[in-house]
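Novice: Could you work out the structure for the sequence below:
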Amino acid sequence: VTTARDRTARKIAHQEQELEATQDRERLRELGDILTSNLHQMHRGMGCLRTVDFYDPEGAEVDIRLDPLLTPQQNAAKYYKEYNKAKTAQEMLTQQLEKGRRELDYLNSVLENITLAEGEKDLGEIRQELTDTGYLRRASKAKGREKRVSSKPMEFRSTAGLRISVGKNNTQNDLLTCKQAFKSDIWFHTQKIHGSHVILWTEGGTPDLQSLNEAACLAAWFSQARDSSKVPVDYTPVKYVKKPNGARPGMVTYTTYETAWVTPDGELAKRLRVK
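Specialist: Numbers count the residues shown, from 1 in each chain. You can find the predicted model right below:
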């Protein structure tokens, strides 16, 4: 997973550099316009044209590099072609970067899940997820008949007695949030920080403030912000949490939320854990 994460990060960095190189594409179009309006001053064999830049507010002169082997019209067309190429590249790179960043986000979430694994069954479920998402190769002899690994989320009880479930991996997160929790139950997750999905089961009632705070503390503890303080944890009824079509395991979107700032508490997690 670390290898895949690092490879994806390098690819994103390279694409960002390529995208940066397309930012001056409008200048290519402008140079094409200047050449087109000065065709009468050009002839085949010229290596440079010095003329007034009518795009410059002060009307300064500009030196435009030419290909001596091309005609004046071909030189102008070359700048327009490079402009269109840069414009297309900008559109493609923007799409690829968005996809790459989602992929990096997913892989970082898997790395966090690995730290939460409590045994071989948990690791087996993560391996299964990585096989399903194409990061691990499925053994040919096992195709179509391998036994699905299934482990259970961590269970806690708030001081007031309400049940709190914490997913240990993306498969469990999806199951808790999208299949098992009721729309009125409360979903917790660290804000823009990788961590577990946490469900506070309300049993159809209104949860007390202490239970809400304890669930938020668990979300902070079982996240990459475990060693921080004043961690932002978003929470909202499950009905406001959606899984986009085609999204990677554990990836959701949510709206109409509130944010609690809490300090991760390992002792609280130990005290509330249901054995």
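Novice: what about Ile164, neighbour count?
Specialist: 25 (other C-beta atoms under 10 Å). In this view, the C-beta of every residue, glycine as well, is placed from N, C-alpha and C.
Novice: how much space is there between it and Leu66?
Specialist: Separation of Ile164 from Leu66 (C-beta to C-beta, to the nearest Å): 71 Å.
Novice: Cys217 now?
Specialist: For Cys217, the distance to Leu66 (C-beta to C-beta) stands at 67 Å.
Novice: go on, Gln191?
Specialist: On the measure of C-beta to C-beta, Gln191 and Leu66 end up 54 Å apart.
Novice: Specify which residue of these two has the higher count of neighbours.
Specialist: Shown here are Gln191 and Leu66; by other C-beta under 10 Å, Leu66 has more neighbours (22 against 17).
Novice: show me what contacts the residue positioned nearest the centre of the chain?
Specialist: By C-alpha atoms, centre = their mean, the chain has its centre lying nearest to Arg102, at 2.9 Å. Arg102 makes contacts with 248, 251, as judged by C-beta atoms under 8 Å, 6 or more residues apart in numbering.
Novice: What helix or strand is it located in?
Specialist: Using DSSP states H and E, the element containing Arg102 is helix 72-116.
Novice: For the closest residue in space to Lys230 that isn't next to it in sequence, give me the pLDDT.
Specialist: Using C-beta to C-beta, 6 or more residues apart in numbering and skipping the chain neighbours, the partner closest in space to Lys230 is Trp261 (4.9 Å). For Trp261, the pLDDT comes out at 97.
Novice: Check Gly59 too.
Specialist: 86.
Novice: for the one 4 residues further on, same thing?
Specialist: Listed pLDDT for Asp63 reads 95.
Novice: so it sits right up against Gly47, yeah?
Specialist: No - with contact defined as C-beta atoms under 8 Å, Asp63 does not reach Gly47; the gap is 10.1 Å.
Novice: gap between Asp234 and Glu61?
Specialist: Counting by C-beta to C-beta, the gap from Asp234 to Glu61 is 56 Å.
Novice: The two: which has the busier surroundings?
Specialist: Neighbour tally, Asp234 and Glu61, criterion other C-beta under 10 Å: the higher count belongs to Asp234, 17 against 9.
Novice: unless I'm mixing things up, the more buried one is touching Gln191, no?
Specialist: Yes - at 4.9 Å, Asp234 and Gln191 qualify as touching, with contact defined as C-beta under 8 Å.
Novice: With that, I have no additional questions.
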